[in-house]
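# sequence isn't available, so here's the structure alone:
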């Protein structure tokens, strides 16, 4: 059956239009020609609006036992003033933010909204910095930079070791359960009994569009986490941008089932904000796209029918694999769904096709699948497609109210952005702020793009990798990192998690591959608990990669796209060393730095038996690459 020929379920989308201007210096300005509509001072003003208009509608829900505990818009509004008063009583303010260490839950949501309500910045922190890290290095850095006035950790006893290691004794701690043994802690439920004074109304009336709402810490490509300032304007105008592009969300209140961590801009600002701005309902998915936790997502899907669903590609891969045995999850996902959105990485073609097939089988229609582009610094929505696309990495056109500049950089076009959704800078880091903007005020995001069709701007732009990730071989040949990485991942799917590309100042390209351990286990017939070295060393796993990479090598047209040697890594990425960001992406530079010995093995004159030699068409046994070191 040709599923691509099936009709796409109708969904109302906004117009995306832009105009381009070539400048004498070779740069290109692209301005959205869509006028940005009016938006409120703050996202909490939208919350108050819906509490007046639809007070009994469910706003936020999380799992409790076999069902859900939920709060309506009116119930959320009732809880904000006493919580805000408690924060003010503790002396919190613009220089002493609220810091939240634990993950997504109703209490986290309420404290965040209460802080924004009275002009107190709040910073949701990756729980991994407290619960996974062994040295608390990133958390220590953040506490020192942020100088929090209060800490919230839902289960205090789980976070106690981290708190005692890095949080000053005079900083009060709030817990939902598990009071700390070593210091006094406040129980969240008690804060709800705080007597409210006129200080709350006074502080609320004083907030402006420029008041800092959040500080979101992002690891970036190198170094320690940096605090991205998120203002009220950024959050509010970004939701208006989203509404104008995804017009259907204004037609009826959206329903979301979402697991994305709130310390990331996608989960905590884009998805939660989309719910609040449009009077929707947000169900916190306590599952994750891992073999151990994805069953919970399927269970939650058996109870919720989302109208808007956004996720990372790995989650969609799990969904496609699970649909056959979970018809209820498939039925509920597609029953009321308007569109699917993915972010964080490219969606593999077999997953894309699997979603198409499942939607068609369930409804007789295809469901539009879109992606977009943005970053923590852009709140995050900056680009999107509002039309079906087949090319991976197609990011579409800039959001209403935005201007972008494309600057020639070697063989690429560097992307820079300007708009009311762009951060004013980094928390207490004037140097980093200054170097992140050019002399015209455009944010230098460090990415490259290209035109989908140089003759037709309306076809949009395509992500073209990081500007700094491309490199030259010692022969002077440029290597397009993004294109090559995509080819390797596509050729080795589904057994690959990511690949680190090597070759700077060498004669040929190498690849350090992080296998997808669960997929490799399935191929090898091993239990998920098998040791990593057993999985990586299994003959069937090795044979799969040799076959896939060998075929890719034989298709190479030159040294710029020829993976000549590869090795499977038998040690998982180390978060404490910065090899994996808290978003789950691989830090290429950190891996190459901390695994220098593996790089040396790839380029050894006489490589060991674990190094795969991958000849191009016409080469004999890889002799050319053996002699090219």
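Nice, thanks for sending it over. Here the structure is a predicted model, which means the values were calculated and not measured.

# can we go C-alpha only for contacts and neighbour counts from here?
Fine.

# and residue 518, what pLDDT?
Listed pLDDT for residue 518 reads 85.

# quick check: buried residues in the helix or strand hosting it?
Taking DSSP states H and E as the definition, residue 518 sits inside helix 517-524. For helix 517-524, burial by neighbour count (16 or more other Cα atoms under 10 Å) applies to 517, 518, 519, 520, 521, 524.

# with stretch 164-182 instead?
Under 16+ other Cα under 10 Å, the buried positions of stretch 164-182 are 166, 167, 171, 172, 173, 174, 175, 176, 177, 178, 179, 180.

# break this structure down into its domains, please.
If you go by automatic domain parsing, the domain ranges for the chain are 73-207, 470-627.

# ok, which of those domains comes nearest residue 272?
When the domains of the chain are compared by Cα to Cα, domain 73-207 sits nearest residue 272, at 9.1 Å.

# any idea how far apart the tips of the closest one sit?
End-to-end distance of domain 73-207 (Cα to Cα, to the nearest Å): 21 Å.

# and the helix or strand in which residue 45 is found, what does it pack onto?
Using DSSP H and E, residue 45 sits within helix 43-53. Counting contacts by 3 or more Cα pairs under 8 Å, 6 or more residues apart in numbering; DSSP states H and E, helix 43-53 is packed against helix 73-89, helix 106-117, helix 232-245, helix 272-277.

# and the nearest residue in space to residue 240 that is not next to it in sequence, what pLDDT?
Distances taken as Cα to Cα, 6 or more residues apart in numbering place residue 39 nearest to residue 240, at 6.3 Å, with adjacent residues excluded. If you check residue 39, the pLDDT there is 98.

# ok, now residue 583?
Predicted confidence (pLDDT) for residue 583: 55.

# measure how the one helix or strand residue 175 maps to sits relative to helix 106-117, angle-wise.
Using DSSP H and E, residue 175 maps to strand 173-177. Using axes from the mean of the first three to the mean of the last three Cα atoms, to 10 degrees, the inter-axis angle of strand 173-177 relative to helix 106-117 is 150 degrees.

# quick check: residue 261 touching residue 105?
No: applying Cα atoms under 8 Å as the test, residue 261 and residue 105 come out as separate, 10.2 Å apart.

# between the two, which has more neighbouring residues?
residue 261 (21 against 18; other Cα atoms under 10 Å).

# residue contacts, that one?
Contact analysis of residue 261 by Cα atoms under 8 Å, 6 or more residues apart in numbering lists 103, 104, 126, 267, 268.

# distance of residue 353 relative to residue 229?
Taken as Cα to Cα, the span from residue 353 to residue 229 is 39 Å.

# ok, those two, which is more surrounded?
residue 229 (25 against 15).

# what sits against the more buried one?
Counted by Cα under 8 Å, 6+ apart, residue 229 has contacts 212, 213, 214, 215, 216, 377, 423, 424, 425, 426, 427.

# same thing but at 6 Å, please
Contact analysis of residue 229 by Cα atoms under 6 Å, 6 or more residues apart in numbering lists 215, 423, 425, 426, 427.

# okay, it: pLDDT?
Residue 229 is assigned 98 on the pLDDT scale.

# can you pull out the low-pLDDT segments for this protein?
1-5, 220-223, 344-346, 390-392, 581-584, 619-629 (pLDDT under 70).

# longest strand in it, please.
Longest strand of the chain, by residue count under DSSP state E: strand 443-451.

# ok, the closest residue to residue 409 other than its chain neighbours to residue 337 distance?
Setting aside the residues directly before and after it, residue 409 is nearest to residue 467 in space (Cα to Cα, 6+ apart), at 7.6 Å. Noted for residue 467: a distance of 37 Å to residue 337, by Cα to Cα.

# residue 383 now?
As judged by Cα to Cα, residue 383 and residue 337 stand 22 Å apart.

# so between the two, which is more surrounded?
Neighbour count, other Cα under 10 Å: between residue 383 and residue 337, residue 383 has more, with 24 against 21.

# hang on, that one is in a strand, isn't it?
Yes: counting by DSSP: H, G, I helix; E, B strand; the rest coil, residue 383 is found in a strand.

# can you tell me the closest non-neighbouring residue to it?
residue 398 (4.4 Å).

# how about the one you found, phi and psi?
Backbone geometry at residue 398, expressed as degrees, to the nearest 10, gives phi -70, psi 150.

# please apply the same query to residue 459.
phi -80, psi -10.

# what residues are up against it?
Per Cα under 6 Å, 6+ apart, neighbours of residue 459: residue 452.

# could you do residue 579 as well?
Contacts for residue 579 (Cα under 6 Å, 6+ apart) come out as 573, 586, 587, 590, 591.

# which helix or strand contains the last one?
To tie it back to what came earlier, the one meant is residue 591. Counting by DSSP H and E, residue 591 is part of helix 588-594.

# any residues touching that helix, and which ones?
Here helix 588-594 has contacts from 500, 579, using Cα under 6 Å, 6+ apart.

# roughly how far is the helix or strand following it from the heart of the chain?
Using DSSP H and E, the helix or strand that follows helix 588-594 in sequence is helix 596-602. Offset of helix 596-602 from its chain centre (Cα atoms, centre = their mean, to the nearest Å): 30 Å.

# buried stuff in helix 596-602?
Using 16+ other Cα under 10 Å as the test for burial, helix 596-602 gives 598, 599, 601, 602.

# now do stretch 50-57
For stretch 50-57, by 16+ other Cα under 10 Å, it's 50, 51, 55, 57.

# do stretch 600-611 as well
Within stretch 600-611, the residues scored as buried using 16+ other Cα under 10 Å are 601, 602, 603, 611.

# which two in those are spaced the farthest apart?
603 and 611 (9.6 Å).

# I'd like the buried residues of stretch 164-182 as TSV, with distance to residue 64 appended.
As requested, these are exported to TSV (distance: Cα to Cα, whole Å):
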residue	distance to residue 64
166	31
167	30
171	30
172	27
173	24
174	21
175	18
176	14
177	14
178	17
179	20
180	23
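
# just to revisit the earlier point, counting neighbours, what do you get for the residue nearest to residue 383?
30.

# how much space separates it from residue 185?
Counting by Cα to Cα - residue 398 and residue 185 are separated by 46 Å.

# please apply the same query to residue 35.
49 Å.

# cool, and residue 296?
According to Cα to Cα, residue 296 stands 31 Å off from residue 185.

# tell me which of those two has more neighbours.
Neighbours per residue, other Cα under 10 Å: of residue 296 and residue 185, the larger number sits with residue 185, 19 against 15.

# what's the distance between the more buried one and residue 164?
12 Å.

# please apply the same query to residue 43.
34 Å.

# could you do residue 528 as well?
Counting by Cα to Cα, the gap from residue 528 to residue 164 is 35 Å.

# could you do residue 422 as well?
Note on residue 422: its distance to residue 164, by Cα to Cα, is 36 Å.

# next one: residue 270
For residue 270 relative to residue 164 (Cα to Cα), the value is 33 Å.

# same question for residue 559.
53 Å.

# for residue 326, same thing?
In terms of Cα to Cα, residue 326 sits 44 Å off from residue 164.

# give me the neighbour count for the closest residue to residue 422 other than its chain neighbours.
In this structure, residue 422 finds its nearest non-sequential neighbour in residue 378, 4.4 Å apart by Cα to Cα, 6+ apart. Residue 378: 25 surrounding residues under other Cα under 10 Å.

# check residue 132 too.
12.

# what do you get for residue 318?
17.

# host element of it?
Secondary structure (DSSP H and E) places residue 318 in helix 313-322.

# which residues in the stretch 501-629 of the chain form strands?
Assigned by DSSP state E, counting those that start in this stretch, the stretch 501-629 of the chain shows strands spanning 509-515, 563-568, 612-613.

# end-to-end on stretch 604-612?
12 Å.

# got the contact list for that stretch?
565, 566, 567.

# just to revisit the earlier point, what is the longest strand of the chain packed up against?
When contacts are defined as 3 or more Cα pairs under 6 Å, 6 or more residues apart in numbering; DSSP states H and E, strand 443-451 packs onto strand 412-418, strand 461-466.

# format the ones you listed as TSV; extra columns: mean neighbour count and distance to residue 82.
Listed next are the helices and strands packed on strand 443-451 as TSV, based on neighbours: other Cα atoms under 10 Å; distance: least, Cα to Cα, whole Å:
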stretch	mean neighbour count	distance to residue 82
strand 412-418	22	38
strand 461-466	21	46
